[in-house]
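In: let me see the structure of the following:
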Amino acid sequence: MPDSDTGTTLMGPISEYGVLERLGSGSFGETFRVAGPDGTEYALKLLRPGADSDARLRFRNEIWALKALDHRVIPKFVDEGIYEGRPYLVESLARGKPLRKQLEEQRREYSASSQMRVLSITIAVLDALAHMHERGILHRDVKDDNIIATQSVSHVSLIDFGDCKGPGQPADVPSLWNVGAARYSPPDKLEHPTHAHATHDVFAVGVTGYLLLTNCYPWDISQSEDVGHLRQRMETEPLKPISDRNSLVSHEVSDFFATLLQLNDDARPTASAAKTLCEKLRGDLSARLAEPAISGGRQIIFPRVIRDPLHGDIRLTEFEWQVLNCREVQRLRWLRQLGFSNLVYPGAEHTRLHHSIGTMYVADKILRQIEDITGRPFDAEERLMARLYSLVHDVTHICYGHTLEDELGIFERHDRNHRRLDRLLLSDKSQVGNLLRSTDYGREVLAYFDPSSTIQRHGHIRELIEGPTGADVLDYIDRDSYFCGLDHRVDSAIFRQYRLVQAKPAGLGERHIAPRLFGTHGVRLDAEFAIESVFLERFALFLKVYTHPAKTAAGAMLGKAVVQATAGRSPEFDERHIEWIGDSALLSRLAESRRGACKKMAERLLFRELFKAAFRAPALSPEQRHHDQYTIRLEKFDKLGLFDPERRAAAERELARTAGVDSAEVVLYCSQPPGLQKIVQYVEQRPGAAELRNEIHRPYLRTFERHLALWTVYLFTSVDSAGPFSRLGEASEALFGLKNEVLINRRQGLLF
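Out: Coordinates of the predicted model:
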């Protein structure tokens, strides 16, 4: 069987016990998870080969202690024997993981245990120590490696009794203290390792609690220092309160552990007295904070802060801060969220990095609202995963991404572009990808981007971010409105509607983030309207900002320049180069092009010398704005090649030839209907059950029809002469079979 720690092969059965797994090793023995003859699992400790006489004496001490003690936190003695000349003992199996491993996970994830969880572990260990001390037995090696706990703290175990002291023990072995154990020792024990005082164990419990709450030792030393330096530091440097290192820990909890860490042995409480104090403290905090007495979740620490113009202070974990500072994420700093909208709204200079941070804030706000309303907290890992996915959800965007991908189809859309996903996230060359792979919840976030991943994705996390009324939409509506100087903001009532509910029919624990549409007296119209208001404000932004004719003209011109620069056998650059440059850098690069038409187009964009519309027509008349006619028109435009860059360029050349102008002076624009999305959203129509709605339901149907009204075909040109200008419009009418509104209403030119 493979060894879980070393990768070597484990031995066969030890006497009558089958070896299942190697759990770890200590200073004088190795511990295995084994199965007895009846299948019951135990822990078996086997003395190391070649162990010295001191190790054998410690082994005898441990067997003696387990036989003498009877406490739920202390493993039960089961059996002892000799295997290949080495003694072994069998004890009940401790459930959970050593606190040392849990601390390693905390440090990797920049989190800390919740104070309720630490108090629960502390009570359990102090109760076991009180049981031992009443019998005159001292543990003398309490530390993170010797305390095992489940995440929920339903099981806590104190192990490793080889260094214990007490009446009637087989042998008194002088302790050989290493640096790790020294950090759990008060000054007296550091100076006199063989001294035995009951409150030395209490001090070690204090160190363990301090570690769990802060990820730091109360007093620390470097690898080059020894126990003398540690003792000197204890005696000269005051203890830094836990609440100073972790502001989420109450002063009462901080003061309690400071009591356990008093330097004078006689000043510390006994294990029994400390347990009583801890139980009272946990009860008081539980009543005051309405927090469960046993909390399995970790407490999240947010030491970093960013000041956002929209949301104010946004706090981040240390891990989120590191993710934010990865090069693949920082490149979003140079990508404007709204592309060429700043040509119309000069304030629209905010970036995708701003939006990514804001989406994280909104996602967390939704989760906290659900917690406040329902009283059921989310697991820390689930919350961290939602925040992290929000932070990186746009990491594969490129400059002018919506224009070059969604509108013009020059590049594949960012969230379906597998090569770009691999380059920026999934490959081992990705800085942010490697960082995400260093934590469990980071790997789960990567699974959302990796179609080949076998990790089970949490559907409700994706809905929380990407749903029709998810955090992504809520942030960009408010953010884009703010920077454009508009008043289209999300009604905060939407935040009161969210719930975490089961799908209907419930299956395999599937959960959804769903707005609640009912109240005490049935369906609530205001809840329905809260959802519709999000769609209305989003539509208003598409109407006023995202489809503004000036922005559309600039986007069409950019697309033509990019196609010219990347075409032919020797393109000047390709998609991979665009991934690492920002909006301004792309325009500058195009303006330096050796291809004259491309260079001229970029220069016009830099100075806002935009083409004007010679042809403009709605793709659908008012009576045609429904799904069937939309499908028919989509097929027609596709046959005309309007969605394919090469075929669109061919149509431009034909229109230019017909009008007698240079094709470089003509730009054809036809995208998919702007903002039209296949709306799929779960709602809580009745208590406890999520039901799926799509665009055939109101208010989604109204939203669908409104966005079809924005679907417009343009032909832009730099031609000023009336004759060629009119001929371009007439040729476009003939090609599309649509009435040219520019000829009907020449006031359109005022929009430029």
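
In: contacting residues around the closest residue to residue 73 other than its chain neighbours?
Out: Leaving out its chain neighbours, the residue that sits closest to residue 73 by Cβ to Cβ, 6 or more residues apart in numbering is residue 128, at 3.8 Å. For glycine as for every other residue, the C-beta is placed from the backbone atoms N, C-alpha and C. Residues near residue 128 by Cβ atoms under 8 Å, 6 or more residues apart in numbering: 71, 73-74, 158.

In: and these, which of them are in helices?
Out: Among the contacts of residue 128, none falls in helices (DSSP state H).

In: returning to what we had before: and the residue nearest to residue 73, that's in a strand?
Out: No: looking at residue 128 with DSSP: H, G, I helix; E, B strand; the rest coil, it is helix, so not inside a strand.

In: CSV please, covering the contacts of residue 128 and showing pLDDT, distance to residue 337 and neighbour count.
Out: Formatted as CSV, the contacts of residue 128 follow (pLDDT from 0 to 100; distance: Cβ to Cβ, whole Å; neighbours: other Cβ atoms under 10 Å):
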residue, pLDDT, distance to residue 337, neighbour count
71, 96, 60, 15
73, 96, 55, 23
74, 96, 59, 23
158, 97, 55, 26
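
In: show only the entries of the residues you listed found in strands.
Out: Among those, DSSP state E puts residue 158 in strands.

In: could you save the contacts of residue 128 as CSV and add columns showing distance to residue 450?
Out: Listed next are these as CSV, based on distance: Cβ to Cβ, whole Å:
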residue, distance to residue 450
71, 47
73, 42
74, 45
158, 42
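
In: would you map the strands across the stretch 401-550 of the chain?
Out: 498-503, 511-515, 518-519, 522-523 (DSSP state E, counting those that start in this stretch).

In: and these, which one averages the lowest pLDDT?
Out: Lowest mean pLDDT of those: strand 522-523, a mean of 58.

In: could you chop this structure up by domain?
Out: 18-92, 97-298, 302-480, 612-675+693-752 (automatic domain parsing).

In: which stretch among those comes nearest residue 516?
Out: Ranking these by their distance to residue 516 (criterion: Cβ to Cβ) puts domain 302-480 first, at 9.2 Å.

In: how far away from the center of its chain is the closest one?
Out: Put simply, domain 302-480 sits 9 Å off its chain's centre (Cα atoms, centre = their mean, to the nearest Å).

In: do the same with stretch 620-629
Out: 41 Å.

In: restrict that stretch to CA atoms and write it as CSV.
Out: The C-alpha trace of stretch 620-629 is given here as CSV (Å, rounded to 0.1, in the frame of the first residue of the first chain):
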residue,chain,number,x,y,z
LEU,A,620,-36.4,44.4,-36.8
SER,A,621,-39.5,46.6,-37.0
PRO,A,622,-41.6,47.0,-33.8
GLU,A,623,-44.1,44.3,-34.9
GLN,A,624,-41.2,41.9,-35.7
ARG,A,625,-39.5,42.0,-32.2
HIS,A,626,-40.2,38.5,-31.1
HIS,A,627,-38.2,35.3,-31.1
ASP,A,628,-39.3,33.8,-34.4
GLN,A,629,-38.6,36.9,-36.5
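
In: from the rest of the structure, what touches that stretch?
Out: 630, 633, 695, 704-705, 708-709, 711.

In: and the gap between residue 437 and residue 446?
Out: Going from residue 437 to residue 446 by Cβ to Cβ, to the nearest Å gives 7 Å.

In: between these two, tell me which one has more neighbours.
Out: Of the pair residue 437 and residue 446, residue 446 is the one with more neighbours under other Cβ atoms under 10 Å, namely 21 against 15.

In: separation between that one and residue 316?
Out: Between residue 446 and residue 316 the computed distance is 19 Å (Cβ to Cβ).

In: now do residue 721
Out: According to Cβ to Cβ, residue 721 stands 57 Å off from residue 316.

In: between those two, who's got more neighbours?
Out: Using other Cβ under 10 Å as the criterion, residue 721 and residue 316 rank with residue 316 on top: 21 against 11.

In: quick revisit: export the domains of the chain to CSV and tack on distance to residue 486?
Out: Formatted as CSV, those follow (distance: least, Cβ to Cβ, whole Å):
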stretch, distance to residue 486
domain 18-92, 61
domain 97-298, 37
domain 302-480, 8
domain 612-675+693-752, 16
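
In: of all those, which lies closest to residue 546?
Out: domain 612-675+693-752 (6.2 Å).

In: ranges for the helices of the stretch 401-550 of the chain?
Out: 401, 418-421, 431-436, 440-447, 459-466, 471-484, 525-541, 549-566 (DSSP state H, counting those that start in this stretch).

In: which is the next helix or strand following the longest one?
Out: Beyond helix 549-566 on the C-terminal side, the first helix or strand identified by DSSP states H and E is helix 575-578.

In: now do the buried residues in that next one.
Out: Buried residues in helix 575-578, defined by neighbour count with 16 or more other Cβ atoms under 10 Å: 575, 578.

In: list the contacts of that helix.
Out: Outside helix 575-578, the residues that reach it (Cβ under 8 Å, 6+ apart) are 398-399, 404, 411, 420, 423, 566, 586.

In: can I get the helix or strand just after it in PDB, CA atoms only?
Out: Beyond helix 575-578 on the C-terminal side, the first helix or strand identified by DSSP H and E is helix 583-591. Extracted in PDB, the C-alpha atoms of helix 583-591 (Å, rounded to 0.1, in the frame of the first residue of the first chain):
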ATOM      1  CA  ASP A 583      -6.500  50.100 -24.800                       C
ATOM      2  CA  SER A 584      -4.100  53.000 -25.300                       C
ATOM      3  CA  ALA A 585      -1.200  50.700 -26.200                       C
ATOM      4  CA  LEU A 586      -3.300  49.000 -28.900                       C
ATOM      5  CA  LEU A 587      -4.200  52.300 -30.500                       C
ATOM      6  CA  SER A 588      -0.600  53.400 -30.400                       C
ATOM      7  CA  ARG A 589       0.600  50.200 -32.000                       C
ATOM      8  CA  LEU A 590      -2.000  50.500 -34.800                       C
ATOM      9  CA  ALA A 591      -1.000  54.100 -35.400                       C
END
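
In: and helix 583-591, what does it pack onto?
Out: Contact here means 3 or more Cβ pairs under 8 Å, 6 or more residues apart in numbering; DSSP states H and E; on that basis helix 583-591 packs against helix 549-566, helix 596-606.

In: which one of the ones you listed is the most hemmed in?
Out: helix 549-566 (a mean of 23; mean count of other Cβ atoms under 10 Å).

In: can you name every helix or strand that that one contacts?
Out: Contacts defined by 3+ Cβ pairs under 8 Å, 6+ apart place helix 549-566 against helix 583-591, helix 596-606, strand 612-618, helix 645-659, strand 666-669, strand 712-717.

In: got those as a markdown table, with distance to residue 467 and mean pLDDT columns?
Out: As requested, these are arranged in a markdown table below (distance: least, Cβ to Cβ, whole Å; pLDDT from 0 to 100):
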| stretch | distance to residue 467 | mean pLDDT |
| --- | --- | --- |
| helix 583-591 | 28 | 95 |
| helix 596-606 | 35 | 95 |
| strand 612-618 | 29 | 96 |
| helix 645-659 | 31 | 94 |
| strand 666-669 | 30 | 96 |
| strand 712-717 | 28 | 97 |
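
In: nearest to residue 191, of these?
Out: With distances scored as Cβ to Cβ, the stretch of these nearest to residue 191 is helix 583-591 (64.3 Å).

In: buried set for that closest one?
Out: 583, 586-587, 589-591.

In: got the contact list for that helix?
Out: 334-336, 339, 399-400, 558, 561-562, 565, 572-573, 578, 581, 598-599, 601-603, 605-606.
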